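1. Generate coordinates for the sequence data below:
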Amino acid sequence: MVDRTISASASASAAATGAVVFVAGDSDLASKVEAGGGEFAVAPKAVNPGNGAPASMRAHAFVCDATEINDAAGLRALYDFFHPFGRSIAPNGRLVIIGRPPADEKKPERAAAQNALEGFVRAYAKEIGKSGATCNLLHVKKGAEDRLDGPLRFLLSKHSAYVTGQPLTVDAKAAAAQGADRRTGQLEGKVALVTGGARGIGAATAQRLADEGAKVIVLDRPADAEETEKTAQAVGGAALLLDVTDPAAPAKISDYVADECGGVDIVVHNAGVTRDKTLKNMKPELWDLTLEINLAAIARITDALLKKGLNDGGRIVCLSSIAGVAGNAGQTNYSASKAGVIGYVRNLGPSLAKRGITANAVAPGFIETRMTAAMPFAIREAARRMNSLGQGGQPLDIAEAVTFFASPAAHGVTGQVLRVCGQSLVGA
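-> Numbering: from 1, shown residues only. Predicted structure coming up:
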């Protein structure tokens, strides 16, 4: 059984990318999708999984609608769908399973079946990762089917290359966004603020937002004025020199974006520090500084912008870390701060829904930055390989996830945390 609304939407999303769409085991659905498909590059084809993949088939994307799997027996559908195509997944392929949030289910058997999807996704992602292929899960709440397109396209695209083995929930909490169906230039006319934007992940994020049409305000410390100005010039934006821990910073930021830019549409809280020591050897100032920059400053600046400066329909994206998910020895301060960011967006997102504002977090794994380049060679090499994809991520991988959350296409996602870690074994 399939939810035809979900399946037709998923098929249309895949087809609109120019892909050939195979609707597994349901020729009736294939014709229904084809009938509504003015946007289809190639007419959908029906495939019976029991007969295996067509001899010439080398698929780059698989989408499995599992919303109507109701019990343990129904989970056989996962085997029936994926097993025949196991050798037909192209290198760097994309697999997405669509289900319902288990917590929303009234029957324990159905909740169990829907929760089982996450275990399958995490396991299968580990099996296929060495070829660069990814497998992820979208939980679509009832009533949010029309918001599936953006998250699905992101997970099927090159922009999600370092995202695998992860669940993401799509809901209808925030007001619908205009331009959610745009594919390029989706941030034209938007103003974005990126803290800690001078270099690394911040600079990569500023560039990607600018690539999509946003005017970017690059904020960093006065001590990094040269790098900040350089990045701002490179993205065609503006530099704002402030220390986020300055008590006056929230008011200065909100005044600047309101008075100089007519408000800001996207806020990326990227500024952060590490001050690593085991707890018994950590001085109190190292604890305080880490929590101040990584968590307290985020809350203060966001509060100020919500009162003045952040436009309705805006996007708040915070940088967390897998250390905030799993903890890390020698990083009690950092782990606490990044776990705090997770709790912050989970609470903040739903509370801003009436204004159409979303709040989400990205949790990076091992990313090739100046900081990780300074690690001892053996530790660095081990960290690179401790994930399903067998490689470290790039600042661009984080920037891609931030840009997705910042876009109108993510209007169905709020209060969520997306790990961009190649399915790191840490916290997996």
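
2. quick one: low-confidence parts of the chain?
-> 1-57, 179-184, 427-428 (pLDDT under 70).

3. Show me how the record splits it into domains.
-> If you go by automatic domain parsing, the domain ranges for the chain are 4-170, 191-420.

4. Out of these, indicate the one that is most buried.
-> Highest mean neighbour count of the domains of the chain: domain 191-420, a mean of 20 (counted as mean count of other C-beta atoms under 10 Å). The C-beta positions use only the backbone N, C-alpha and C, and glycine is treated the same way.

5. could you pull out the strands for the stretch 251-400 of the chain?
-> For the stretch 251-400 of the chain, the strands defined by DSSP state E, counting those that start in this stretch cover 264-269, 310-319, 358-364.

6. tell me what the second one is packed against?
-> Read that as strand 310-319. Other elements packing on strand 310-319 under the criterion 3 or more C-beta pairs under 8 Å, 6 or more residues apart in numbering; DSSP states H and E are strand 264-269, helix 297-307, helix 332-351, strand 358-364, helix 395-406.

7. Cys64 in helix, strand or coil?
-> What DSSP: H, G, I helix; E, B strand; the rest coil gives for Cys64 is strand.

8. residues contacting it?
-> Contact analysis of Cys64 by C-beta atoms under 8 Å, 6 or more residues apart in numbering lists Ala24, Leu78, Phe81, Phe82, Leu95, Val96, Ile97, Ile98.

9. What's opposite it in the beta bridge?
-> Ile97 (DSSP bridges).

10. so how far is Leu152 from it?
-> 12 Å (C-beta to C-beta, to the nearest Å).

11. and of the strands of the stretch 251-400 of the chain, who's closest to Leu241?
-> strand 264-269 (16.9 Å; C-beta to C-beta).

12. Please list the residues outside the closest one that contact it.
-> 187, 190-195, 197, 202, 205, 209, 214, 217, 257, 298, 301-302, 305, 309-311, 313-319, 341, 402, 406.

13. For stretch 246-256, give me every contacting residue.
-> 193, 217, 219, 240, 242-243, 297, 300-301, 303-305, 307-309.

14. List just the one of the helices and strands packed on strand 310-319 that sits closest to Gly119.
-> strand 358-364 (19.9 Å).

15. How far off centre is that closest one?
-> Relative to the centre of its chain, strand 358-364 is centred 7 Å away, using C-alpha atoms, centre = their mean, to the nearest Å.

16. Check which helices and strands that strand is in contact with.
-> Secondary elements touching strand 358-364 (3+ C-beta pairs under 8 Å, 6+ apart): strand 310-319, helix 322-326, helix 332-351, helix 395-406, strand 417-420.

17. switch the cut-off to 6 Å
-> On a contact count with 3 or more C-beta pairs under 6 Å, 6 or more residues apart in numbering; DSSP states H and E, strand 358-364 meets strand 310-319, helix 332-351, helix 395-406, strand 417-420.

18. Just put the ones you listed in JSON lines and tack on distance to Asp288.
-> Listed next are these as JSON lines, based on distance: least, C-beta to C-beta, whole Å:
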{"stretch": "strand 310-319", "distance to Asp288": "20"}
{"stretch": "helix 332-351", "distance to Asp288": "9"}
{"stretch": "helix 395-406", "distance to Asp288": "26"}
{"stretch": "strand 417-420", "distance to Asp288": "25"}
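
19. Out of these, which is closest to Leu117?
-> Using C-beta to C-beta, these put strand 417-420 closest to Leu117, at 17.0 Å.

20. Let me have the domains of the chain in CSV, extended by distance to Ala176.
-> Formatted as CSV, those follow (distance: least, C-beta to C-beta, whole Å):
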stretch, distance to Ala176
domain 4-170, 8
domain 191-420, 6
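
21. Which one of those lies nearest to Gln178?
-> Per C-beta to C-beta, nearest to Gln178 of the domains of the chain: domain 191-420, 6.6 Å.

22. out of the domains of the chain, nearest to Ala177?
-> It is, among the domains of the chain and with distance given as C-beta to C-beta, domain 191-420, at 3.8 Å.

23. Endpoint to endpoint, that closest one covers what distance?
-> 25 Å (C-alpha to C-alpha, to the nearest Å).

24. do the same with stretch 304-321
-> 24 Å.

25. Looking at the helices and strands packed on strand 310-319, which is nearest to Leu279?
-> helix 332-351 (4.9 Å).

26. name the helices or strands packed onto the closest one?
-> helix 284-291, helix 322-326, strand 358-364.

27. List of residues touching it?
-> With contacts defined as C-beta atoms under 6 Å, 6 or more residues apart in numbering, helix 332-351 is touched by 173, 274, 279, 287, 290-291, 294-295, 318, 320-321, 323-324, 327-328, 359-361, 414-415, 417.

28. tell me the angle that helix makes with helix 284-291.
-> Here helix 332-351 runs at an angle of 30 degrees relative to helix 284-291 (axes from the mean of the first three to the mean of the last three C-alpha atoms, to 10 degrees).

29. Need the helices and strands packed on strand 310-319 in JSON lines (columns: distance to Arg370).
-> Formatted as JSON lines, those follow (distance: least, C-beta to C-beta, whole Å):
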{"stretch": "strand 264-269", "distance to Arg370": "19"}
{"stretch": "helix 297-307", "distance to Arg370": "21"}
{"stretch": "helix 332-351", "distance to Arg370": "17"}
{"stretch": "strand 358-364", "distance to Arg370": "14"}
{"stretch": "helix 395-406", "distance to Arg370": "10"}
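
30. For Ala382, which of those is the nearest?
-> Using C-beta to C-beta, the helices and strands packed on strand 310-319 put strand 358-364 closest to Ala382, at 17.3 Å.

31. in the stretch 101-250 of the chain, which spans are strands?
-> Taking DSSP E, counting those that start in this stretch as the test, the strands found in the stretch 101-250 of the chain are 134-140, 167-170, 191-195, 215-220, 238-241.
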